[in-house]
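Colleague: task: produce atomic coordinates for the following.
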Amino acid sequence: MMKTVALAAVAALGLAHAAHAADPVTGTWQTQVDDGHYAHVRIAPCGDRICGTIAKAFDAGGPIESPNVGKPIVWDMVPQGGGAYRSGKIWQPSTGKVYNSKMQLNGNSLKVSGCVGPICKGQTWSRLP
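Modeller: Prediction:
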């Protein structure tokens, strides 16, 4: 009996992890232009939260080499259900500032916003195929 309960618990954890791994926000997103540059951000689970890393950087001429590629840009986002994510942080590479952040997923659009004190900024990112 105890073995059956333990196996059921392991199976339930595995299903919970699989459901989290399939979070609808996972994938690659294109940011809006900021200070003449934009990025592709890869969003994936990081533990029980959601994080994003800069995968590629661009300017008006196309892809560029950037020291920001590979750096985290979004972290500690807590899924709230209904496409909402809260309690995270977002880094703005053009200013070096880190904002308290939230995200709202709506199909292939991701509204990302953040605040430092009274200063708030936001962008709408587009899902890439």
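Colleague: all the strands of the chain, residue numbers only.
Modeller: Ranges of strands in the chain, per DSSP state E, are 27-30, 37-46, 49-59, 62-64, 72-81, 84-92, 97-106, 109-116, 119-127.
Colleague: strand partners (parallel or antiparallel) of the fourth one?
Modeller: For strand 62-64, the paired strands and their directions (DSSP bridges) read strand 49-59 (antiparallel).
Colleague: show me which residues of the strand it pairs with are buried.
Modeller: Applying a neighbour-count criterion of 16 or more other CB atoms under 10 Å, one finds 49-58 buried in strand 49-59. Quick note: C-beta positions are derived from backbone N, CA and C, even for glycine.
Colleague: how about the strands of the chain in CSV, adding mean pLDDT?
Modeller: Output for the strands of the chain, formatted as CSV (pLDDT from 0 to 100):
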stretch, mean pLDDT
strand 27-30, 98
strand 37-46, 97
strand 49-59, 97
strand 62-64, 97
strand 72-81, 97
strand 84-92, 96
strand 97-106, 96
strand 109-116, 95
strand 119-127, 94
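Colleague: distance of Pro93 relative to Lys111?
Modeller: 19 Å (CB to CB, to the nearest Å).
Colleague: tell me which residues form a beta bridge with the closest residue in space to Cys46 that isn't next to it in sequence?
Modeller: Once flanking residues are discounted, Cys46 sits nearest to Trp75: 6.8 Å by CB to CB, 6 or more residues apart in numbering. Note on Trp75: beta-bridge partners by DSSP bridges are Lys89.
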